[in-house]
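Engineer: using only what follows, build the 3D model:
(2 chains)
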Amino acid sequence: AQSVTQPDIHITVSEGASLELRCNYSYGATPYLFWYVQSPGQGLQLLLKYFSGDTLVQGIKGFEAEFKRSQSSFNLRKPSVHWSDAAEYFCAVGAGNYGQNFVFGPGTRLSVLP
Amino acid sequence: EAGVTQFPSHSVIEKGQTVTLRCDPISGHDNLYWYRRVMGKEIKFLLHFVKESKQDESGMPNNRFLAERTGGTYSTLKVQPAELEDSGVYFCASSQGLAVLTGELFFGEGSRLTVL
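Structural biologist: Next up, the predicted model:
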């Protein structure tokens, strides 16, 4: 069965520091991979997605993620964190018999220090 | 354009009572999904509608949960009778095509259910 792990439950970084959020997945075929962010009081918002092709994908808000098949990973990165990036981040893989639904990781909560 | 809206935002009920959650997807989105997050754990798939038809309800935990989407517009998720373990945040999401293929799943803010 498909699964997604996010080893870090909570990460704290200083504003301006770089960020990497880890995501590992288990999936038999070539995965469709996603990162979503949930800011306080809001719904989940798509940051970026990987379907195929270039393994380094760019997203909104200055985020990027790299797909590494050999490591079954899809880590999210940002070179310089802003205070507004404080939120919860979810990695997800497309799943289901025909990929109709998503399997989400448990989420990583990001705190940003001024 | 309005996003996915969910009502109520928070519901507190006692064990054994009934609660109905409502989701209004983005207009024109045929695909509607329900997800649930319990106790800060993973967001788990409950079911998927295509228009008014249940395409996949493999994630529904038991027969105390009933989802409907009459007319292929808004959807309701009823929990009857509610149990303590049903507490959590229920997310609704919609997409125009299959979410995995389009890469875009639009989420509502969630309905928080607390069962006492």
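Engineer: what residues does chain B put near chain A?
Structural biologist: B:3-4, B:33, B:35, B:40-45, B:48, B:55-56, B:59, B:91, B:93, B:98-101, B:103-110 (C-beta under 8 Å from any C-beta of the partner chain). (C-beta placed from N, C-alpha, C; glycine too.)
Engineer: and the spatially most central residue of chain B, backbone torsions?
Structural biologist: Centroid check for chain B by C-alpha atoms, centre = their mean gives B:Trp34 as the closest residue, at 3.2 Å. Main-chain torsions, B:Trp34, degrees, to the nearest 10: phi -120, psi 140.
Engineer: so who does it touch?
Structural biologist: By C-beta atoms under 8 Å, 6 or more residues apart in numbering or on different chains, B:Trp34 lies in contact with B:23, B:45-48, B:67, B:75, B:77, B:90-93.
Engineer: now do stretch B:69-80, average pLDDT.
Structural biologist: What stretch B:69-80 shows for mean pLDDT is 94.
Engineer: ends of it, how far apart?
Structural biologist: Using C-alpha to C-alpha, to the nearest Å, one end of stretch B:69-80 lies 17 Å from the other.
Engineer: doesn't A:Ser84 lie inside a helix?
Structural biologist: Yes - under DSSP: H, G, I helix; E, B strand; the rest coil, A:Ser84 sits within a helix.
Engineer: how far away is it from chain B?
Structural biologist: A:Ser84 sits 18 Å away from chain B, going by C-beta to the nearest C-beta, to the nearest Å.
Engineer: if we can go back for a sec, relative to chain A, which of the contacts of B:Trp34 is nearest.
Structural biologist: Nearest to chain A among the contacts of B:Trp34 is B:Phe45, at 4.4 Å by C-beta to the nearest C-beta.
Engineer: okay, and the closest one sits in which element?
Structural biologist: Using DSSP states H and E, B:Phe45 sits in strand B:43-50.
Engineer: one more: B:Thr76?
Structural biologist: With DSSP H and E as the test, B:Thr76 turns up in strand B:75-79.
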